[in-house]
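Peer 1: What follows is a predicted protein model with its sequence.
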Amino acid sequence: MMPFFKSIKKNKQDQAIAAADRITRLQASNLPKHIAIITDGNGRWAKKRGLPRTAGHAAGMKKVREIIRAADELGIQVLTYYSFSTENWKRPQDEVDYLMKLPIEFLKTDLNELIKRNVKVQMLGEKSKTPSETQKALEEFEEKTKHNSGLILNFAINYGSRSEMISAMKQMINDVQQGHIKPDDVTEDLMDSYLFTKDIPDPDLVIRTSGEIRISNFLLWQIAYSELCFTDTLWPDFDAEAFFQAIEDFQHRTRRYGAVK
Ligand code: FPP
């Protein structure tokens, strides 16, 4: 009988070898702690195949799972997906409904694996404005994984960075008025503490797929010094190999934070 490895189609076999090779080339001491991903291109991927946009989101979900596994196995500390922006409500209702069902499905299919992997799932954004079933699923994810100490997996849902900052400012002003803080106490660290991301490090690497070169209201405060990686690959075509490639590129960057090396 043909050994398993040889039975994999030639190009799949090459990809597996390339991915293994890439992992061994990554420097374990210089991995990004936090990787944030703008998963773009699901709609175009579906259109190219004459499929409804929702088919693109279904294909995209497989990649969400693949990259969670890759990040976990690599020892990445935080992985954040931009899943639904405050602007995405403007999409056709059937697409919005489909996107809002994804967390419910994902809970059924993936919660056990995430628990086994010790993954802690968290939400960034105003989840209270999502449909009640979606909100219930999101809360169940958070509740059932809150004591886990492995990979922190954030889903930004109904998230917009400007509205996050405005809400932080309003809370700060309120705290000044109540006498809890003084204007002089306002520092970058204090601002951090008012954001959804308060307990996690800023992203070291932001990846956006599909060839769009913009940030689209994603973590504007938090990505001040992030390395940005834009790839033409549509999200449903992105895979672990492409993920490792992005990390390898990151490891070749020199991060200066405004200083001179
Ligand atoms: C962007 O492609 C993709 C989305 C708006 C969906 C992102 C969904 C996830 C990351 C999964 C979320 C999962 C859970 C469990 C919360 P697009 O539709 O903008 O593509 P296009 O630009 O080609 O039209």
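Peer 2: Structure received. Numbering: from 1, shown residues only.
Peer 1: C-alpha from now on. contacts and neighbour counts both.
Peer 2: Fine.
Peer 1: packing partners for the helix or strand that contains L99?
Peer 2: Using DSSP states H and E, L99 sits in helix 93-116. Where contact means 3 or more CA pairs under 8 Å, 6 or more residues apart in numbering; DSSP states H and E, helix 93-116 is packed against helix 53-74, helix 132-145.
Peer 1: tell me the mean pLDDT for stretch 130-143?
Peer 2: Across stretch 130-143, the average pLDDT comes to 97.
Peer 1: again with stretch 19-31
Peer 2: Stretch 19-31 comes out with an average pLDDT of 84.
Peer 1: now the end-to-end length of it.
Peer 2: 16 Å (CA to CA, to the nearest Å).
Peer 1: do stretch 207-223 and the ligand meet at all?
Peer 2: No. Applying CA under 6 Å from any ligand atom, one finds stretch 207-223 out of contact with the ligand, separated by at least 7.2 Å.
Peer 1: Quick check: which of the helices and strands packed on helix 93-116 is nearest to the ligand?
Peer 2: Set against the ligand and scored by CA to the nearest ligand atom, the helices and strands packed on helix 93-116 come closest in helix 53-74, at 5.6 Å.
Peer 1: So which other helices or strands are in contact with the helix or strand following that closest one?
Peer 2: Per DSSP H and E, the first helix or strand lying C-terminal to helix 53-74 is strand 78-85. If contacts are counted by 3+ CA pairs under 8 Å, 6+ apart, strand 78-85 sits against strand 34-38, strand 152-159.
Peer 1: Relative to V260, which of those is closest?
Peer 2: strand 34-38 (24.0 Å; CA to CA).
Peer 1: Is any residue of the next helix or strand after the closest one near the ligand?
Peer 2: Counting by DSSP H and E, the next helix or strand C-terminal to strand 34-38 is helix 42-48. Yes. Helix 42-48 comes into contact with the ligand (CA under 6 Å from any ligand atom), by way of N42, G43, R44.
Peer 1: Contacts for helix 42-48 next, please.
Peer 2: P52, R53, T54, A55, G56, H57, A59, G60, L234, W235, P236 (CA atoms under 8 Å, 6 or more residues apart in numbering).
Peer 1: Can you get me a residue count around the closest residue to the second one other than its chain neighbours?
Peer 2: Right, the one you point to is R53. Counting by CA to CA, 6 or more residues apart in numbering, R53 lies nearest to G43, which is 4.7 Å off, once chain neighbours are set aside. Neighbourhood size, G43 [other CA atoms under 10 Å]: 19.
Peer 1: Now do G43, the pLDDT please.
Peer 2: 98.
Peer 1: Show me which residues of the stretch 51-200 of the chain sit near the ligand.
Peer 2: Residues of the stretch 51-200 of the chain lying near the ligand (CA under 6 Å from any ligand atom): H57, M61, Y81, Y82, S83, F84, L102, P103, F106, F155.
Peer 1: Give me the buried entries from those residues.
Peer 2: Taking 16 or more other CA atoms under 10 Å as the criterion, what is buried in these is H57, M61, Y81, Y82, S83, F84, L102, P103, F155.
Peer 1: so V119 sits right up against H147, yeah?
Peer 2: No. Using CA atoms under 8 Å, V119 makes no contact with H147, being 9.2 Å away.
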